[in-house]
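[1] Here is the input, now give the coordinates:
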Amino acid sequence: MTVVGVDDTDSRETGMCTTYVAHSIATALRDRGHAVERVVLARLNPAVPHKTRGNAALAVHTDAPAEEAFDVARGIVEESAQIADPGTNPGVVAAPGDPEDVPDAVGTFAADAVREFHDPEVARELAADCGYETASWGDGRGVVGALAAVGAWCGFTDWTVEHIAYRERDRWGTDRDVDADALFAAADDAYPDAWDTVDRVTGDLVCVPRTPCPILLAVRGDDPAACRRVVDETTDSTGTEPVLARETFVTNQGTDAHLRSAPSLAALEDGRAYRVDATVAGEPETRRGGHVFVPLADVGADEDESESGTLREAAAFEPTKHFRDRVRSLVPGDRVTACGEVSDGTLKLEKVALRERVETELATPDCPECGRSMKSAGRDQGYRCRDCSTTAPGKVEVSRDRDLEPGWYEVPPCARRHLATPVVRGGFDARTHPER
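    The predicted structure follows:
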């Protein structure tokens with residue numbers, strides 16, 4: 001067996017897609033008579049600033065000899081990668097042996113690549129120590145992702161699938177023709193085995209890219225047959241353009257592999273993603289642009305501990321649409337688990353669990369005689385009813401009407417990050433409220 005990894009072949013401006021490059025490598029090896037056991041799509045740290053949208057690295061698992069697989073991959077990268085773009089710096093790594101047998105250091109390198117930042121020189125040194133062939137273009141940054149893709153099969157344990165249909169070459173960069181009605185019907189039929197295909201609330205065709213890349217449809221889920229069926233039923237429609245080729249990828253998408261547990265809000269660092277328990281420390285605030293911010297404090301922190309670093313803002317940005325209403329419904333004192341990436345000190349929410357909600361609030365007392373609301377008797381003098389002369393020492397605790405039920409809430413499919421686990425996949429530790 002051989003594992004050949006590839007990364008950083010696409011461009012934000014001119015398109016291409018590393019999944020297509022990997023598909024082309026797999027196709028070329030099949031045409032030479034070699035078996036391809038699987039093609040792996042490994043999403044890496046979504047906070048890396050130089051990434052294209054999905055930060056995907058790819059690996060082909062094949063029975064071709066390492067030298068032949070390396071030559072094929074290098075030739076296809078030279079032919080297909082957008083090397084003229086200064087932001088595109090491809091890398092190829094070929095590793096002889098079964099994907100399960102890569103050195104522990106390579107598996108660890110892959111696992112860390114989804115949560116940390118790696119130096120290209122460290123990647124090249126590790127690949128050389130393992131006896132792997134490498135090739136790079138530009139500044140060689142793509143070797144990081146290529147080596148991570150090689151180690152992904154050992155670095156990750158939770159896997160989903162993505163079935164991709166590619167466009168005919170002369171259509172790249174043009175508007176896509178997809179029968180939306182057929183896609184919505186197919187998505188309904190396949191849900192929840194295939195998820196995040198469309199957004200029922202916004203009407204977005206989530207699986208249809210808007211970039212100039214070669215992809216027509218990219219359907220994700222847990223069942224490869226369901227994902228293929230969505231593509232079949234959509235592309236069988238005369239309202240959908242012809243398909244050039246298709247490939248099924250095994251991927252860490254939808255697994256929350258990027259999240260790490262944080263012991264406190266003070267432990268959160270920029271450029272990384274976390275799952276952290278906290279208490280809502282103030283009223284949510286809607287700011288310019290429709291973004292919603294909510295202050296969080298460490299569980300058990302006092303209100304006056306803001307100077308100790310226990311306060312942190314979390315945000316539900318405008319693209320998360322109605323998820324913002326969930327955040328607006330939080331009240332001070334609610335216990336939550338918040339998940340998301342930290343940028344400029346702000347936790348960008350991907351999902352949130354309401355653990356314990358505040359059930360009461362303080363209200364002005366009613367007069368026990370006439371039932372009318374009492375009035376303030378003056379500063380620190382309680383309340384009184386001017387008609388009945390009854391008094392009360394202060395506000396009283398009353399039941400609070402809450403629309404937000406305990407459990408997990410998530411951003412809608414139109415705003416979902418590649419790595420974020422849709423709650424419909426299950427495995428969560430509380431009731432879930434799926435978005436579809």
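
[2] you'd agree residue 110 is in a helix?
    Yes: the assignment for residue 110 by DSSP: H, G, I helix; E, B strand; the rest coil puts it in a helix.

[3] What's the local residue count around residue 399?
    Using other CB atoms under 10 Å, residue 399 is surrounded by 9 other residues. The C-beta positions use only the backbone N, C-alpha and C, and glycine is treated the same way.

[4] Give the bridge partners for it, please.
    Residue 399 forms beta bridges with residue 360, as assigned by DSSP bridges.

[5] Model confidence for it, exactly?
    Residue 399 is assigned 90 on the pLDDT scale.

[6] residue ranges for the helices of this structure, please.
    18-31, 66-80, 104-113, 120-129, 142-155, 180-190, 224-235, 323-328 (DSSP state H).

[7] Most tightly packed of those helices?
    For the helices of the chain, the largest average neighbour count (mean count of other CB atoms under 10 Å) is found in helix 142-155, namely a mean of 29.

[8] In this protein, where is pLDDT below threshold?
    12-15, 50-53, 302-310 (pLDDT under 70).

[9] Can you pull the domain assignment for it?
    2-155, 160-251, 259-359+401-433, 360-399 (automatic domain parsing).

[10] which one of those domains is the most hemmed in?
    domain 2-155 (a mean of 21).

[11] How far does that domain sit from its chain's centre?
    Centroid displacement of domain 2-155 relative to its chain, using CA atoms, centre = their mean, to the nearest Å, is 21 Å.

[12] go on, stretch 138-157?
    Centre-to-centre, stretch 138-157 and its host chain are 19 Å apart (CA atoms, centre = their mean).

[13] Could you do stretch 164-179 as well?
    25 Å.

[14] Okay, the residue lying closest to residue 72 once chain neighbours are set aside and residue 415: tell me how far apart.
    Leaving aside its chain neighbours, residue 72 sits nearest to residue 28 (5.0 Å; criterion: CB to CB, 6 or more residues apart in numbering). From residue 28 across to residue 415, the span is 36 Å (CB to CB, to the nearest Å).

[15] can I assume residue 163 is in contact with residue 224?
    Yes: with contacts counted by CB atoms under 8 Å, residue 163 reaches residue 224, the gap being 6.6 Å.

[16] list the residues that contact both of the two?
    residue 248 (CB atoms under 8 Å, 6 or more residues apart in numbering).

[17] Quickly list what residue 312 is bridged to.
    Going by DSSP bridges, residue 312 forms beta bridges with residue 296.

[18] I'd assumed residue 295 was in contact with it.
    Yes: counting by CB under 8 Å, residue 312 touches residue 295, with 7.4 Å between them.

[19] residues shared between the contacts of the two?
    By CB under 8 Å, 6+ apart, no residue touches both residue 312 and residue 295.

[20] what's near enough to touch residue 234?
    Residue 234 neighbours (CB under 8 Å, 6+ apart): 178-179, 182-183, 186, 217, 240.

[21] do the same with residue 24
    76, 80.

[22] Repeat that for residue 396.
    Contacts for residue 396 were tallied using CB under 8 Å, 6+ apart; they are 362-365.

[23] Scan the protein for its longest strand.
    Taking DSSP state E as the criterion, the chain has its longest strand at strand 346-356.

[24] can you dump the C-alpha coordinates of it into PDB?
    Listed in PDB are the C-alpha atoms of strand 346-356, where the atom choice follows Å, rounded to 0.1, in the frame of the first residue of the first chain:
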ATOM      1  CA  THR A 346     -14.200  36.700  20.900                       C
ATOM      2  CA  LEU A 347     -15.700  33.200  20.900                       C
ATOM      3  CA  LYS A 348     -17.500  32.800  17.500                       C
ATOM      4  CA  LEU A 349     -20.400  30.500  18.400                       C
ATOM      5  CA  GLU A 350     -21.000  27.400  16.300                       C
ATOM      6  CA  LYS A 351     -23.400  25.700  18.800                       C
ATOM      7  CA  VAL A 352     -24.400  26.300  22.400                       C
ATOM      8  CA  ALA A 353     -26.100  24.100  25.000                       C
ATOM      9  CA  LEU A 354     -28.400  25.600  27.600                       C
ATOM     10  CA  ARG A 355     -27.600  23.500  30.700                       C
ATOM     11  CA  GLU A 356     -29.500  25.300  33.500                       C
END
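
[25] What are the neighbouring residues in contact with the nearest residue to residue 153 once chain neighbours are set aside?
    Leaving aside its sequence neighbours, residue 153 sits nearest to residue 99 (CB to CB, 6+ apart; 3.8 Å). Residue 99 makes contacts with 1, 3, 40, 59, 61, 150, 153-154, as judged by CB under 8 Å, 6+ apart.
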